[in-house]
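Student: Build me a model from this:
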Amino acid sequence: MVQFIQTSPQNFKKIMNSLSWVEIKTENIKHNIQQVRKILPAGFKVAGVVKSNAYGHGLLGVANYLYKNKLVDYLAVVNDEEALFLRKQGIKLPIFVLSYWDIGNLTELVKNNIEFGIYNGEHLVALKGLKSLHKARVHLKIDTGMTRLGLRSGEVTAYLAKLMAINNVEVRGVFSHLAVADEKNNFTKKQIATFCKITGKIQEKVKVPLVHIANSAGAIFMKDGLCNMMRLGLALYGLAPVSNYPTLKPVLTWKTKIIQVKKVETGESISYGLTYKFTKPTTVAILPIGYADGYDRGLSSCGEVLIKGQICPVRGRVCMNLIMVELRENTKAKVGDEVVLIGKQGKNEITADSIAKKIGTINYEIVTRINPEIKRIFI
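Tutor: Numbers count the residues shown, from 1 in each chain. So this is what the prediction gives:
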């Protein structure tokens, strides 16, 4: 027999006003940038990567903090939509579009002094037809072995010649991306060598102010070479890309609240498919979080949360908007109590890395998939 542990209607209404939220500790952002700067050559520029809702941390909030505190030299976004949004919100830092942009928005990008990568013939056609009082500020994207976006080494010379023949274009940078900087092998050094060789030839034709290939993991390779800027993404948010990295502090804590507590008997099962059966009388807490919120379904019967500082296991399948967790025998919890999904509570901690390990993915995915509609609170 299921027994319900109830709360007052007034208290329940208050609880329902904020069922889940993400706390962003801004001082940890500053700490992480300072740590990474220690391993970079003097004068090296840093682009703070705020793409994809700032890796789940909140695009505008993070960008605004970086801008107002003068912590980075550039902001890097994934597309023109993110870039134009930040400009409209008053962010005046240099902004660079890493991946794709709509040719129909070219004039707006140029008007708003937004820099962007170019890597195909369509980009040249668009730039040639540009009618603007301002110069288009572009970065040549080079494919040095990741086989993703970018010009192959054999295409660069001809592409550059066509680009230089176009008026109102300023080549601000040359960039590429490292494929395995977070792994132990020689491919990263090979990529950097290829990139520097290509960049050297480009520099003979046109002086390029910014040369960048390093992501967070690649920062440790930036002691020598032509590069003078790195793109700080994962490490900005306190997630270490490799083991031999400066000490970082996680920026994000994800929380929710208990919306119901119930007692179940021996032999009862729980959630869709009734995949988990209780072997003893147990107290269960229901939480208003599910895979629609970014809490992965792969965490069914293997995920953990923190309640009253205790590690409490997820029981049964993760639903679209709900999960059920088993309360430890010594955990006295009630409706409205705070629950930590990612972060610290008491002496225990659940990290994005530990969650990623459980479901066979990477920490990037854990944080970026937190539903953007969930409130981000900057503290």
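Student: Can you tell me the centre-most residue of the chain?
Tutor: residue 55 (1.7 Å; Cα atoms, centre = their mean).
Student: what does the domain assignment say about this protein?
Tutor: Per automatic domain parsing, the structural domains of the chain span 3-22+252-378, 26-237.
Student: Now the first one: average pLDDT?
Tutor: Here the mean pLDDT over domain 3-22+252-378 is 91, rounded to a whole number.
Student: Show me how far it is from its chain's centre.
Tutor: Going by Cα atoms, centre = their mean, to the nearest Å, the spacing between the C-alpha centre of domain 3-22+252-378 and its chain's C-alpha centre is 22 Å.
Student: give me every residue that touches residue 187.
Tutor: Taking Cβ atoms under 8 Å, 6 or more residues apart in numbering as the criterion, residue 187 is in contact with 145, 179, 180. Where C-beta positions appear, they are placed from N, C-alpha and C, glycine not excepted.
Student: Can you flag which of those belong to strands?
Tutor: Assigned to strands by DSSP state E, none of the contacts of residue 187 qualify.
Student: just the buried members of those?
Tutor: Using 16 or more other Cβ atoms under 10 Å as the burial test, these include 145, 179 as buried.
Student: before we move on, back to that, so what's the residue nearest to the centre of the chain up against?
Tutor: 49, 233, 234, 236, 237, 364, 367, 368.
Student: can you pull out the helices in the stretch 101-250 of the chain?
Tutor: Under the criterion DSSP state H, counting those that start in this stretch, helices of the stretch 101-250 of the chain are mapped to 106-111, 121-128, 156-164, 187-205.
Student: got the ones you listed as CSV, with mean pLDDT and distance to residue 214 columns?
Tutor: Compiled in CSV, the helices of the stretch 101-250 of the chain are given as follows (pLDDT from 0 to 100; distance: least, Cβ to Cβ, whole Å):
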stretch, mean pLDDT, distance to residue 214
helix 106-111, 96, 25
helix 121-128, 96, 24
helix 156-164, 96, 20
helix 187-205, 94, 8
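Student: quick one, which of those helices is packed in tightest?
Tutor: For the helices of the stretch 101-250 of the chain, the largest average neighbour count (mean count of other Cβ atoms under 10 Å) is found in helix 106-111, namely a mean of 19.
Student: before we move on, back to that, tabulate the contacts of residue 55 (CSV), appending distance to residue 258.
Tutor: What follows is the contacts of residue 55, written out as CSV (distance: Cβ to Cβ, whole Å):
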residue, distance to residue 258
49, 35
233, 34
234, 32
236, 32
237, 27
364, 29
367, 23
368, 26
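Student: What about those residues, which are in strands?
Tutor: With strands defined by DSSP E, the entries of those inside them are residue 49.
Student: For PyMOL, write the selection for the buried entries among the contacts of residue 55.
Tutor: In PyMOL, this line selects whichever of the contacts of residue 55 come out buried by 16+ other Cβ under 10 Å:
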select buried, resi 49+233+234+236+237+364+367+368
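Student: Closest one of the contacts of residue 55 to residue 341?
Tutor: Nearest to residue 341, judged by Cβ to Cβ, of these is residue 367 at 11.1 Å.
Student: Measure how buried the residue lying closest to the closest one once chain neighbours are set aside is and give me the count.
Tutor: Excluding the flanking residues, the one nearest residue 367 by Cβ to Cβ, 6 or more residues apart in numbering is residue 56, at 3.9 Å. Neighbours of residue 56 under the rule other Cβ atoms under 10 Å: 25.
Student: Equivalent analysis for residue 70, please.
Tutor: For residue 70, the neighbour count with other Cβ under 10 Å is 8.
Student: Show the pLDDT at it.
Tutor: Here the pLDDT value assigned to residue 70 is 97.
Student: and it, helix, strand or coil?
Tutor: coil (DSSP: H, G, I helix; E, B strand; the rest coil).
Student: what's near enough to touch it?
Tutor: Not one residue lies near residue 70 by Cβ under 8 Å, 6+ apart.
Student: Then the one 10 residues further on?
Tutor: By Cβ under 8 Å, 6+ apart, residue 80 lies in contact with 97, 100, 101, 102, 105, 108, 109, 114, 116.
Student: Report the two of the residues you listed separated the most.
Tutor: 100 and 108 (14.9 Å).
Student: What's the separation between the nearest residue to residue 280 once chain neighbours are set aside and residue 282?
Tutor: Once flanking residues are discounted, residue 280 sits nearest to residue 266: 5.5 Å by Cβ to Cβ, 6+ apart. Distance, residue 266 to residue 282, by Cβ to Cβ, to the nearest Å: 8 Å.
Student: higher neighbour count, the two?
Tutor: residue 282 (18 against 10).
Student: mind listing what the more buried one touches?
Tutor: Neighbouring residues of residue 282 by Cβ under 8 Å, 6+ apart: 263, 264, 326, 327.
Student: Among those, which one sits closest to residue 244?
Tutor: residue 326 (37.9 Å).
Student: separation between that closest one and residue 27?
Tutor: 35 Å.
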